[in-house]
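Asker: I need the structure of the sequence given here:
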Amino acid sequence: MFAIHKFDQGVTFAVRVHPRAKKNGITGELGDALKVSLTTPPVEGRANEACVEFFAKLLKVPRSSVTIASGQTSRNKVIRVVGLSAEELRKRIAM
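Answerer: Residues are numbered from 1 along each chain as shown. Have a look, this model is predicted:
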């Protein structure tokens, strides 16, 4: 099960991004991280933008509530979501 870390305003969790996939989606887990496929290429930050947009829609939160806390140039990223509890995150991601 992927790890969720709580902080004052929300939660963070790790993802492993697979760019240039056929479709956007969560494809499983890899250790403590979620595996996420995105259709966009990792060029000029477009995959990062797509990652933020994907999680904002999936979690039904404003786009401004989702940020990449670390890993902007890596496939391994930490996503920060403000205004969501760990329990609510698990419910909304339920695979």
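
Asker: all helices for this protein, in order.
Answerer: In the chain, the segments counted as helices under DSSP state H are 46-59, 86-93.

Asker: possible to save the ones you listed as TSV with distance to Ile79?
Answerer: C-beta: built from backbone N, CA, C; applies to glycine. Formatted as TSV, the helices of the chain follow (distance: least, CB to CB, whole Å):
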stretch	distance to Ile79
helix 46-59	6
helix 86-93	10
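
Asker: which of these sits most buried?
Answerer: Comparing these by mean neighbour count (mean count of other CB atoms under 10 Å), helix 46-59 ranks first with a mean of 18.

Asker: one step back: looking at the helices of the chain, which is nearest to Arg75?
Answerer: Of all the helices of the chain, it is helix 46-59 that lies closest to Arg75, at 9.0 Å by CB to CB.

Asker: would you put the C-alpha positions of that closest one in PDB?
Answerer: This file holds the C-alpha atoms of helix 46-59, laid out as PDB (Å, rounded to 0.1, in the frame of the first residue of the first chain):
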ATOM      1  CA  ARG A  46       4.600  19.500 -19.600                       C
ATOM      2  CA  ALA A  47       4.500  16.100 -17.800                       C
ATOM      3  CA  ASN A  48       4.600  18.000 -14.400                       C
ATOM      4  CA  GLU A  49       1.700  20.100 -15.500                       C
ATOM      5  CA  ALA A  50      -0.200  17.000 -16.600                       C
ATOM      6  CA  CYS A  51       0.600  15.300 -13.400                       C
ATOM      7  CA  VAL A  52      -0.800  18.200 -11.300                       C
ATOM      8  CA  GLU A  53      -3.900  18.400 -13.600                       C
ATOM      9  CA  PHE A  54      -4.500  14.600 -13.400                       C
ATOM     10  CA  PHE A  55      -4.400  14.600  -9.600                       C
ATOM     11  CA  ALA A  56      -6.600  17.700  -9.200                       C
ATOM     12  CA  LYS A  57      -9.300  16.100 -11.400                       C
ATOM     13  CA  LEU A  58      -9.000  12.700  -9.700                       C
ATOM     14  CA  LEU A  59      -9.100  14.000  -6.200                       C
END
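
Asker: thanks a lot, see you next time.
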